[in-house]
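Novice: build the 3D model from these lines:
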Amino acid sequence: KSASAPFSASSDNAIVVSVIVSSYTTSWGTIEVPANFTITRSIDLEGLVKGWRRHNWDDWRQGIADLQPKLLVLIPHIQDKQLYIGNEKKLALGSVQRLHVGNAEPVMIVIGCNSAIGPTANTGLPAILLRVGAKVVIGSLTSVLGRFANTAAVELTTKLIAASKASTPVTIGYHMTKGFDIRLIQAEHGDAILVSYGENPVRHLLVDGGPASSFDNLIKVLEAARTGATLTLEAIVVTHYDFDHIGGIIALLKQPPCWLIINDIWFNGSRHLVPKDMLGKQHSDALASLILDSQLPWNNAFQGKAVCASSAHSIVLEGGVEIWLLSPTQRELTALAKYADAHLPDNGKVVPRDRLGRQDSWPPPAYASLLAKRFLSDQSASNASSIAMLLRYGEQKIVLCGDARAEVICAALASYWPDHKLKIDFWKMSHHGSQGNTSSDLLNRIKCKRFAFSTNGKIHAHPDQLAIVRVLASTYNPELIFNYANQWTNRWKYRPASWPTYSTTYPSAEGPYVRIII
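Specialist: Predicted coordinates for the structure are as follows:
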């Protein structure tokens, strides 16, 4: 239960420094560190204990000055724009100075948290350390938990020392292809998700746009993702008709930024619901009219036909991301065609049909009593028509459920991958965490640790306690990710009595979203 493991350092004048704070949150929950905890341990690479220890920040800094190390390894913890090195000491990133590096101009390895990423350009920890005298800095582009950072630092240190003594070039690692960078945008009670993937260039996919009232957040995120003169969206996926998903897309197409390029729009309009000879003008809707008027590509990846989970084939977008459709099937689209209000009214407003969200009491009932409750499926025809999909890039897999029905997604997973539980790296909960869209049967088909909820909770009181209970029953110590931090979501920071353990993640000050890098 220690917050730190022993660290290795070579006898060739190198130091490895651990990072301890009085308490911090990991995927295992909050770890409290005793005040008298030993701050650093220095042992050789073979595990022989050395006598050198530093117990506080000042001693550690003096140790660097005394030993003038050729190699310095930091295992930092960065939180809320603060750098944690040593016991209960915090440094603003901009306060790292030469005295923290020493005059030996060492090679530095910085592993842990997002140490290579800063809130703005050139503010990541490696960039700062280079400016104050480090010769070489190696940092992390993604979150690395402490116990894994320790192992990586020791292994990399060993290989660097071996490489420095080799007479021929030595490979000391391998290139990890950047996976998914997911921004779950604050879209009130709706969905708006920017999925970025790959590198050189980074490519983007926008899934839903939230309601029109959150359009400003959508534009801010798209603008921030633009690194050049333009931003190209390989596709905009509009999962279904409900205005908390479609409203922001309508606003975007009414006022498209001059720098935005859209390669395709995936959207099942009224013409995709029933055979063409059954269509009439009354089935037109606001978004379909905008797409047609702007002459944007519409379902090009499907030869203009419906976006439908009717084939075992996947779709591959530019940059190599592979997509399997999990919902809807033709059955759900046909049912929607019969639904009286399957098109948007002329005023562009949709009366919410979701009544599954409950004003759950807090604290919640006993975990076992909730888990025993029977699953009652969402019966909304609109939600049932929602596009849900699995995306794979490299070895990473993510699932974005829209508002789709659990039975439909479960059947698709069983069809595509019938023989095993599928490992998923990120799961965006269906219907904002409604109890009627996530069943135990569905969760038992996957192995996943990270579950995200897109909602501010203010209209339907999502996420439902029952949905979270089912997640907790499906895996040990999952991470619950929220794109808002308010009275409805913050209460999940603290585990209810006798409930299974879990961790939580909330938005940082980076922007109007929660960001997940996989």
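
Novice: quick one, domains of this structure?
Specialist: 17-27+36-170, 180-344+357-517 (the TED database).

Novice: need the least confident one among those, by mean pLDDT.
Specialist: The minimum mean pLDDT among the domains of the chain belongs to domain 17-27+36-170 (a mean of 52).

Novice: so Ile185 bridges to which residues?
Specialist: Tyr513 (DSSP bridges).

Novice: residues in contact with it?
Specialist: 192-194, 210, 214, 217-218, 221, 483, 512-513 (Cβ atoms under 8 Å, 6 or more residues apart in numbering). For every residue, glycine as well, the C-beta is placed using N, CA and C.

Novice: same thing but at 7 Å, please
Specialist: Ile185 sits next to 192-194, 210, 217-218, 221, 483, 512-513 when contact means Cβ atoms under 7 Å, 6 or more residues apart in numbering.

Novice: from those residues, pick the one nearest Asp419.
Specialist: Set against Asp419, the nearest of the contacts of Ile185 by Cβ to Cβ is Ile193 (29.9 Å).

Novice: quick one: residues contacting the closest one.
Specialist: 182, 184-185, 207-208, 400, 428.

Novice: you'd agree Thr230 is up against Asn263?
Specialist: No: the criterion here is Cβ atoms under 7 Å, and Thr230 misses it with Asn263 at 11.7 Å.

Novice: just give me the neighbour total for the closest residue in space to Gln396 that isn't next to it in sequence.
Specialist: Once flanking residues are discounted, Gln396 sits nearest to Gly179: 3.9 Å by Cβ to Cβ, 6 or more residues apart in numbering. By the criterion of other Cβ atoms under 10 Å, Gly179 has 23 neighbours.

Novice: tell me the pLDDT of Gly179.
Specialist: So Gly179 comes in at 83 (pLDDT).

Novice: distance check, it against Gly320.
Specialist: As judged by Cβ to Cβ, to the nearest Å, Gly179 and Gly320 stand 11 Å apart.

Novice: shared neighbours of those two, anything?
Specialist: With Cβ under 7 Å, 6+ apart as the test, Gly179 and Gly320 both reach Tyr393.

Novice: wasn't Glu461 part of a helix?
Specialist: That one is not Glu; residue 461 is Ala. No: with DSSP: H, G, I helix; E, B strand; the rest coil as the criterion, Ala461 is located in coil rather than a helix.

Novice: ignoring the adjacent residues along the chain, who's closest to Thr329?
Specialist: Nearest non-adjacent residue to Thr329 (Cβ to Cβ, 6+ apart): Ala309, at 5.4 Å.

Novice: so how far is Glu234 from that neighbour?
Specialist: On the measure of Cβ to Cβ, Ala309 and Glu234 end up 20 Å apart.

Novice: if you count what's nearby, which of these two comes out ahead?
Specialist: Counting neighbours by other Cβ under 10 Å for Ala309 and for Glu234 shows that Ala309 has the greater number, 23 against 19.

Novice: secondary structure element holding the more buried one?
Specialist: Ala309 belongs to no helix or strand when elements are defined using DSSP states H and E.

Novice: let the chain start at 873 from now.
Specialist: Shifting the count to begin at 873 puts that one at Ala1181.

Novice: can you pull the contacts of it?
Specialist: 1197-1201, 1284.

Novice: include secondary structure and distance to Val1074 when you put those residues into a markdown table, please.
Specialist: Converted to a markdown table, the contacts of Ala1181 look like this (DSSP: H, G, I helix; E, B strand; the rest coil; distance: Cβ to Cβ, whole Å):
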| residue | secondary structure | distance to Val1074 |
| --- | --- | --- |
| Leu1197 | strand | 24 |
| Leu1198 | strand | 25 |
| Ser1199 | strand | 27 |
| Pro1200 | coil | 30 |
| Thr1201 | coil | 33 |
| Ala1284 | helix | 28 |
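
Novice: now do Trp1196: how many residues are near it, please.
Specialist: Using other Cβ under 10 Å: Trp1196 sits among 22 other residues.

Novice: that one belongs to a strand?
Specialist: Yes: with three-state DSSP as the criterion, Trp1196 is part of a strand.

Novice: contacting residues around Ile1195?
Specialist: Per Cβ under 7 Å, 6+ apart, neighbours of Ile1195: 1186-1187, 1189, 1261, 1263.

Novice: list buried residues within those.
Specialist: 1187, 1189, 1261, 1263 (16 or more other Cβ atoms under 10 Å).

Novice: reformat those residues as CSV; add secondary structure and distance to Phe1323.
Specialist: Below are the buried ones among the contacts of Ile1195 laid out as CSV (three-state DSSP; distance: Cβ to Cβ, whole Å):
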residue, secondary structure, distance to Phe1323
Ile1187, strand, 25
Leu1189, coil, 25
Met1261, strand, 17
Leu1263, strand, 16
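
Novice: so which of the contacts of Ile1065 belong to strands?
Specialist: Counted as lying in strands by DSSP state E, out of the contacts of Ile1065, are 1054, 1056-1057, 1079, 1272, 1300.

Novice: just the helices in the stretch 1173-1322 of the chain please.
Specialist: 1202-1209, 1239-1243, 1253-1256, 1278-1288, 1312-1315 (DSSP state H, counting those that start in this stretch).

Novice: name the residues of the longest one that come out as buried.
Specialist: Meaning helix 1278-1288. 1278-1285.

Novice: so it versus helix 1202-1209, what angle?
Specialist: 150 degrees (axes from the mean of the first three to the mean of the last three Cα atoms, to 10 degrees).

Novice: so which elements touch helix 1278-1288?
Specialist: strand 1194-1199, helix 1312-1315 (3 or more Cβ pairs under 7 Å, 6 or more residues apart in numbering; DSSP states H and E).

Novice: would you mind finding the most buried of those?
Specialist: strand 1194-1199 (a mean of 22; mean count of other Cβ atoms under 10 Å).
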